[in-house]
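J.: Sequence plus the predicted model coming up.
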Amino acid sequence: MTFRKKLLTVLSGLIFLGFGVQSISTAQTGGPVAKAWLATSFAFDAQGTLWLVGIDRSGALFTQTSATNGRTWSSARVIDVGERVSADGENRPKIAFGPGGAIVITYTRPGERPYSGDIRLTRSEDHGMTFSKPKTVQDDKQPITHRFESIMFDKAGNLHVVWIDKRDAELTRSLGGGKDAYAGAGIYRKVSSDAGATFGPDIKVADHSCECCRIALSPVDEGVAALWRHIFDGHIRDHAFFQWARNTEARQPAPTLVRATYDDWMLKACPHHGPGLAPAQDGGFHAVWYGVRDGQAAVRYGRLSALGSPEGKALVIPDARAEHADVLSWGQRVAIVWRSFDGVQSSVRALVSDDGGGTFSERWVFRSSEPNDHPRVFQRGGEFFVGWRTESGVHVTAL
């Protein structure tokens, strides 16, 4: 591989952050031009019906359902939220199902300032026939970054919303700090015990997260664990792990942030490339992430302890072009999916393990030369499925 190709591989996907960092798009590296409206999320409800949420070509938020595991779909139901909806590969609308059949959809409403936005939530209590008027989730109402939310119901039925937030960077700047006085953004969260009808206060999880990488969530016995790209000393963009229970605020001592990866990737920009996280049957977690280690840009898979620290040697995904990986687990079964572009076509590939990640077999899942979204892996119990949206439609298959 030439130096130019290596450089483009490392920089592919960087976004312009307003601090003199140039964006490198997939068009510049030879890949198909991504279209924001293709960003889609998938989930099964308690009855086994598959749902998707996304935006259409006009920017309207919509849902569809499938009783055939994605082989056929209902007509799209547009949710009239009366406002713009932000979507791209790492910041897509989300859907989750809570107690009593509640359906929660979250998305980012973009602000007038570049990279600003609010976390918005709409909910349904009648199986998706109607949805509530959307409301802003975070308490902070400044016209700044509140974006890249992730949502999850824990085992007790509490809804957790976690997002990237720039309020502390803005405060530092207002107090006279320069643009480099506060690195990156913060991670904030809040919890609802009534499926999003009401919430507790905003709670800061950590300072100095990466600005535009998705946050991965995984259930734990009493709450939720999170994995995100973090800015460590020296502009090292590795990953941090944190977990909390519903009543974490009342516990002493407070949980601590743990460094989960050690690629030592020094980068003064956001690679727009978040991790994946799934619980391991024997304790700890399965994780996937993208990074550059010793000059090698790659997606890696590794095990984390129950406290989030790395265990053993990370596995490099056997595809030099792998990007935007996702991971799921159920018992000893583990599935990793990712997207790859060979200069002509995009493909979705998977690694599947039946021994807890000890060994994997590889599968080719989809191929397309059309603009396309990142692949998503989701489950109904021990059944794993891959969803992928291209310009011509939605593709779902079982693994």
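T.: Alright, I've got the coordinates. Residues are numbered from 1 along each chain as shown.

J.: C-alpha only now, for contacts and for neighbours.
T.: Fine.

J.: how about Thr390, what does it touch?
T.: Going by Cα atoms under 8 Å, 6 or more residues apart in numbering, Thr390 touches Leu38, Ser368, Glu370, Pro371, Asn372, Asp373.

J.: One more pass at 10 Å, please.
T.: 34-35, 38-39, 367-375 (Cα atoms under 10 Å, 6 or more residues apart in numbering).

J.: Got phi/psi on the nearest residue to Ser305 once chain neighbours are set aside?
T.: Closest residue in space to Ser305, ignoring its immediate chain neighbours: Gly284 at 4.3 Å, by Cα to Cα, 6 or more residues apart in numbering. In terms of degrees, to the nearest 10, the main-chain angles of Gly284 are phi 80, psi -160.

J.: where in the stretch 251-399 of the chain is pLDDT low?
T.: 251-255 (pLDDT under 70).

J.: hmm, 50 instead?
T.: Per-residue confidence for the stretch 251-399 of the chain (pLDDT under 50) gives these ranges: 251-253.

J.: one step back: can you tell me which of the contacts of Thr390 are in strands?
T.: Arg367, Ser368 (DSSP state E).

J.: would JSON lines of the contacts of Thr390 with distance to Glu211 and neighbour count be doable?
T.: JSON lines is the format used below for those (distance: Cα to Cα, whole Å; neighbours: other Cα atoms under 10 Å):
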{"residue": "Ala34", "distance to Glu211": "20", "neighbour count": "20"}
{"residue": "Lys35", "distance to Glu211": "21", "neighbour count": "16"}
{"residue": "Leu38", "distance to Glu211": "22", "neighbour count": "25"}
{"residue": "Ala39", "distance to Glu211": "19", "neighbour count": "27"}
{"residue": "Arg367", "distance to Glu211": "31", "neighbour count": "16"}
{"residue": "Ser368", "distance to Glu211": "30", "neighbour count": "16"}
{"residue": "Ser369", "distance to Glu211": "30", "neighbour count": "15"}
{"residue": "Glu370", "distance to Glu211": "28", "neighbour count": "17"}
{"residue": "Pro371", "distance to Glu211": "25", "neighbour count": "18"}
{"residue": "Asn372", "distance to Glu211": "23", "neighbour count": "26"}
{"residue": "Asp373", "distance to Glu211": "20", "neighbour count": "24"}
{"residue": "His374", "distance to Glu211": "19", "neighbour count": "25"}
{"residue": "Pro375", "distance to Glu211": "22", "neighbour count": "27"}
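
J.: From the contacts of Thr390, pick the one nearest Ser305.
T.: Of all those, Ser305 sits closest to Pro375, with 26.4 Å by Cα to Cα.

J.: you'd agree that closest one is up against Asp326?
T.: Yes - using Cα atoms under 10 Å, Pro375 makes contact with Asp326 at a distance of 7.6 Å.

J.: any common contacting residues for the two?
T.: What both Pro375 and Asp326 touch, as defined by Cα under 10 Å, 6+ apart, is the set Val337, Trp338, Arg339, Val386.

J.: okay if I get those residues as TSV plus distance to Trp265?
T.: What follows is those, written out as TSV (distance: Cα to Cα, whole Å):
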residue	distance to Trp265
Val337	23
Trp338	21
Arg339	22
Val386	30
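
J.: Which ones among those residues map onto strands?
T.: Taking DSSP E as the definition of strands, the shared contacts of Pro375 and Asp326 contribute Val337, Trp338, Arg339, Val386.

J.: where along the stretch 101-250 of the chain do the strands fall?
T.: 103-110, 117-124, 135-136, 146-153, 159-165, 185-192, 203-209, 216-220, 223-232, 236-245 (DSSP state E, counting those that start in this stretch).

J.: and those strands as CSV, adding mean neighbour count, distance to Phe360 and mean pLDDT?
T.: What follows is the strands of the stretch 101-250 of the chain, written out as CSV (neighbours: other Cα atoms under 10 Å; distance: least, Cα to Cα, whole Å; pLDDT from 0 to 100):
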stretch, mean neighbour count, distance to Phe360, mean pLDDT
strand 103-110, 23, 34, 97
strand 117-124, 24, 38, 98
strand 135-136, 16, 42, 98
strand 146-153, 26, 28, 97
strand 159-165, 26, 31, 98
strand 185-192, 22, 33, 97
strand 203-209, 19, 32, 96
strand 216-220, 22, 22, 95
strand 223-232, 25, 23, 97
strand 236-245, 22, 24, 94
